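Engineer: okay, structure incoming, though there's no sequence with it:
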């Protein structure tokens, strides 16, 4: 299992069948795999907050939704994650390419990258930081059920060194 | 004509369609006019009515979905116009009540006051109509993704606060699907 296959397999085994995305270069291979999967509805969105709305609607319609994005998208989504996802207890799996971590070569990614885990802690949302493909597979596979139990989003942060 | 009158007119064309309704007075007025299990009232996340409606429409292709949105909320999520158009689910009708005001916060003017929102929606590719020109039921039932602008004056009625918890609204809605 390579780093991308681990995520894909985790999503499939969690039963995820509705995915919204805003791209990251580290997610590009994964996004292609999802596009080729007839068992997953994949909707690219213009902004992550919009995607949080789509995921809520998809859950109402019986789907198991996830969002794929850079951690910058967390900042674009905070109010929706609280006043829609948490308020109504919608489950949601958030797979984030965690930029601005060790090995980052774009300085603009660093401030949000450093604050991302702190923001998730302040929001009282569970998150995982797997260090290997095996860990990522297990974290992703189990996150959907955890999200249903908690009635809150659960995040998996994939740091640069993960890839 | 104010928003409440507009919602009353819209509801004359509604039977078993699933409704997603914008936060604030739009949901309160709809609740006061006719509470139904098939309505998802928004209590937060201003701007996302059309996004929730899109996710629902794509997940439930056998149901007709009607979004009741507002001009201020649309301005907050203009990107939704291009996403909805790109997906164009045939079962989605997106109605924007344009009263030119942020009604729930005291009727401050919006930039949509002098805009033709149907023309803007049409320019990105959406089939778009002005409410006064159409039979809404026909538009809901046709095999297209449609955008409808309903122009009216600002002003709120004395509709009560919705007494349900958000989780109750969600579960009641999902139980009929």
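Structural biologist: Ah, there it is. Worth saying up front: this structure is predicted, and the values here are computed from it rather than measured. Numbering: from 1, shown residues only, chains lettered A, B, ... in the order given.

Engineer: only C-alpha atoms from now on, for both contacts and neighbour counts.
Structural biologist: Will do.

Engineer: which parts of chain B are strands?
Structural biologist: B:18-21, B:39-41, B:65-70, B:92-98, B:101-102, B:108-109, B:127-130, B:146-151 (DSSP state E).

Engineer: wait, chain A
Structural biologist: Using DSSP E, strands in chain A cover A:18-21, A:41-44, A:65-70, A:92-98, A:127-128, A:153-159.

Engineer: can you redo the strands of chain B as JSON lines with distance to residue A:54?
Structural biologist: Listed next are these as JSON lines, based on distance: least, C-alpha to C-alpha, whole Å:
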{"stretch": "strand B:18-21", "distance to residue A:54": "12"}
{"stretch": "strand B:39-41", "distance to residue A:54": "14"}
{"stretch": "strand B:65-70", "distance to residue A:54": "13"}
{"stretch": "strand B:92-98", "distance to residue A:54": "13"}
{"stretch": "strand B:101-102", "distance to residue A:54": "24"}
{"stretch": "strand B:108-109", "distance to residue A:54": "28"}
{"stretch": "strand B:127-130", "distance to residue A:54": "21"}
{"stretch": "strand B:146-151", "distance to residue A:54": "18"}
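
Engineer: now render those strands as JSON lines, adding mean pLDDT and mean neighbour count.
Structural biologist: Shown next, in JSON lines, are the strands of chain B (pLDDT from 0 to 100; neighbours: other C-alpha atoms under 10 Å in any protein chain shown):
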{"stretch": "strand B:18-21", "mean pLDDT": "98", "mean neighbour count": "26"}
{"stretch": "strand B:39-41", "mean pLDDT": "98", "mean neighbour count": "25"}
{"stretch": "strand B:65-70", "mean pLDDT": "98", "mean neighbour count": "27"}
{"stretch": "strand B:92-98", "mean pLDDT": "98", "mean neighbour count": "27"}
{"stretch": "strand B:101-102", "mean pLDDT": "98", "mean neighbour count": "20"}
{"stretch": "strand B:108-109", "mean pLDDT": "98", "mean neighbour count": "13"}
{"stretch": "strand B:127-130", "mean pLDDT": "98", "mean neighbour count": "20"}
{"stretch": "strand B:146-151", "mean pLDDT": "98", "mean neighbour count": "24"}
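
Engineer: what would those strands look like in CSV with distance to chain A?
Structural biologist: Output for those, formatted as CSV (distance: least, C-alpha to the nearest C-alpha, whole Å):
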stretch, distance to chain A
strand B:18-21, 9
strand B:39-41, 9
strand B:65-70, 11
strand B:92-98, 12
strand B:101-102, 19
strand B:108-109, 22
strand B:127-130, 20
strand B:146-151, 18
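
Engineer: list the contacts for residue 104?
Structural biologist: Because you didn't say which chain, this covers chain A. A:110, A:160 (C-alpha atoms under 8 Å, 6 or more residues apart in numbering or on different chains).

Engineer: was after chain B, sorry
Structural biologist: B:24-25, B:156 are the contacts of residue B:104 under C-alpha under 8 Å, 6+ apart.

Engineer: for it, give its distance to chain A.
Structural biologist: 17 Å (C-alpha to the nearest C-alpha, to the nearest Å).

Engineer: distance of that residue relative to residue B:11?
Structural biologist: 21 Å (C-alpha to C-alpha, to the nearest Å).

Engineer: where does chain A come near chain B, residue by residue?
Structural biologist: A:43-47, A:50-51, A:53-63, A:79-80, A:83-84, A:87-89 (C-alpha under 8 Å from any C-alpha of the partner chain).

Engineer: on that earlier part again, among the contacts of residue B:104, which ones are buried?
Structural biologist: For these, a neighbour count by 16 or more other C-alpha atoms under 10 Å in any protein chain shown gives the buried set as B:24-25, B:156.

Engineer: got phi/psi on residue B:106?
Structural biologist: phi 120, psi 20 (degrees, to the nearest 10).

Engineer: where in chain A is pLDDT low?
Structural biologist: Within chain A, no stretch has pLDDT under 70.

Engineer: just to revisit the earlier point, in helices only, show me the contacts of residue B:104.
Structural biologist: When the contacts of residue B:104 are checked against helices (DSSP state H), the matches are residue B:25.

Engineer: and of the contacts of residue B:104, the nearest to chain A?
Structural biologist: Distance to chain A across the contacts of residue B:104 (C-alpha to the nearest C-alpha) is lowest for residue B:24, with 12.9 Å.

Engineer: got a list of what that closest one touches?
Structural biologist: With C-alpha under 8 Å, 6+ apart, residue B:24 has these contacts: B:42-43, B:104.

Engineer: now residue B:87
Structural biologist: Contacts of residue B:87 by C-alpha under 8 Å, 6+ apart are residue A:43.

Engineer: likewise for the one 10 residues further on?
Structural biologist: When contacts are counted by C-alpha under 8 Å, 6+ apart, residue B:97 touches B:3, B:6, B:68-71, B:149-152.

Engineer: can you redo the contacts of residue B:24 as a markdown table with pLDDT?
Structural biologist: As requested, the contacts of residue B:24 are exported to a markdown table (pLDDT from 0 to 100):
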| residue | pLDDT |
| --- | --- |
| B:42 | 98 |
| B:43 | 96 |
| B:104 | 95 |
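
Engineer: quick one: which of those residues is nearest residue A:120?
Structural biologist: residue B:43 (22.5 Å; C-alpha to C-alpha).
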